[in-house]
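In: Next input, structure requested:
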Amino acid sequence: MPRLHVNIDHVATLRQARRSEEPDPVSAASICELAGADGITVHLREDRRHIQDRDVLILRKTIKTLLNLEMALTEEIIEVALNIVPNQVCIVPEKRQELTTEGGLDVAGSAQALEAAIPRFKEAGIEVSLFVDPMPEPIEAAAQIEADFIELHTGSYANASTPKGRKSELDRLATSAQYAESLGLRVNAGHGLDYRNVLPIAQIPQIEELNIGYSIICRSVYVGLDQAVREMQDRILAAAPPEAPDPSTLTRTKKRERS
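Out: Below you'll find the predicted structure:
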């Protein structure tokens with residue numbers, strides 16, 4: 001069953017709308033952890049549109065679970081990551097004009113830069129994940145450059161408009177997760193996941209972590225952040241297979257039935 005990492009970028013988005021101090025993503029991270037989140041994810045963008053350097057610095061000192069830093073592969077952000085030392089970095093493509101990350105990383109096209117950066121992260125004790133589309137080519141490239149994880153982009157699955165299309169995308173994700181595992185990669189997933197569509201993704205056995213943010217923050221407007229995180233954890237827990245019965249209990253039951 002995968003762990004839930006809550007992305008708190010949109011708490012910072014609301015704060016930056018007024019350039020004020022509230023709501024504070026650091027406080028939000030604490031609430032998420034107390035509600036059962038297994039980790040906190042933030043994306044420090046080059047244009048600092050939501051999460052700020054100050055947020056990441058304080059989060060590194062205060063969160064008790066795991067800090068996952070999403071980032072573009074630029075020297076400025078690499079230096080920030082090496083200074084802060086999150087538990088994990090997830091390298092994503094980044095465009096200034098996009099509303100959110102629109103697709104997976106071109107791993108083969110970025111191979112030279114990745115091969116230079118990945119050893120720097122690993123030397124600092126930081127695990128490296130690459131955000132990729134569920135296709136063989138980027139997965140193979142991620143294995144070749146010795147990333148620790150891939151994070152499968154679930155956007156096409158989340159955006160599928162028909163049951164047939166959703167099933168096709170789900171199959172593609174499951175096949176990609178299996179393939180990544182066969183190449184020695186660990187597997188995370190995220191993008192566009194919500195309370196209605198998360199269960200089938202959580203049932204893919206290779207997926208270790210789910211990064212979910214927007215739907216949780218939206219839900220929190222109605223029920224509060226604590227409750228929103230707990231509800232998402234409940235959806236993920238529902239993916240766990242039923243526990244096998246204790247053999248000794250079965251034996252005692254059969255004896256009672258015979259008697």
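
In: Report the buried residues of stretch 105-113.
Out: 105, 107, 110 (16 or more other C-beta atoms under 10 Å). Where you see a C-beta, it was placed from the backbone N, CA and C, and this is true even at glycine.

In: for the second one, what are its contacts?
Out: With contact taken as C-beta atoms under 8 Å, 6 or more residues apart in numbering, residue 107 is in contact with 114, 130, 132, 137, 138, 141, 142, 145.

In: List only buried entries from those.
Out: Counted by 16+ other C-beta under 10 Å, these give 114, 130, 132, 138, 141, 142, 145 as buried.

In: Show me what the second one bridges to in the sheet.
Out: Each beta-bridge partner of residue 130 is listed here: residue 91, residue 150, as defined by DSSP bridges.

In: hang on, the earlier thing: sitting in helices, which of the buried ones among the contacts of residue 107 do you find?
Out: In helices, defined here by DSSP state H, the members of the buried ones among the contacts of residue 107 are 114, 138, 141, 142.

In: ok, now how distant is the first one from residue 72?
Out: So the one you mean is residue 114. 12 Å (C-beta to C-beta, to the nearest Å).

In: Now for the two: what residues contact both?
Out: residue 91.

In: Just to be sure, residue 13 is in a helix?
Out: Yes: according to DSSP: H, G, I helix; E, B strand; the rest coil, residue 13 belongs to a helix.

In: I'd like to know which helix or strand in the chain has the lowest mean pLDDT.
Out: helix 247-258 (a mean of 49; mean pLDDT, DSSP states H and E).

In: Name the residues of stretch 189-208 that are buried.
Out: Those would be 189-193, 195, 197-198, 201-204, 206-207, for stretch 189-208 by 16+ other C-beta under 10 Å.

In: Farthest-apart pair in the residues you listed, please.
Out: Farthest apart among the buried residues of stretch 189-208 by C-beta to C-beta are 195 and 206. That separation is 22.4 Å.

In: and the helix or strand harbouring residue 228, which residues are buried?
Out: Using DSSP states H and E, residue 228 sits within helix 225-237. The neighbour-count check on helix 225-237 (16+ other C-beta under 10 Å) flags 225, 228, 229, 232, 233, 235, 236 as buried.

In: same thing with stretch 116-136?
Out: 117, 118, 121, 126, 127, 128, 129, 130, 131, 132, 133, 134.

In: Restricted to strands, list those residues.
Out: Among the buried residues of stretch 116-136, the ones falling in strands (DSSP state E) are 127, 128, 129, 130, 131, 132.

In: and the residues you listed as TSV, adding distance to residue 151?
Out: Listed next are those as TSV, based on distance: C-beta to C-beta, whole Å:
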residue	distance to residue 151
127	12
128	11
129	5
130	7
131	5
132	7
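
In: Adding pLDDT, write the residues you listed out as JSON lines.
Out: Converted to JSON lines, these look like this (pLDDT from 0 to 100):
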{"residue": "127", "pLDDT": "98"}
{"residue": "128", "pLDDT": "98"}
{"residue": "129", "pLDDT": "98"}
{"residue": "130", "pLDDT": "98"}
{"residue": "131", "pLDDT": "97"}
{"residue": "132", "pLDDT": "97"}
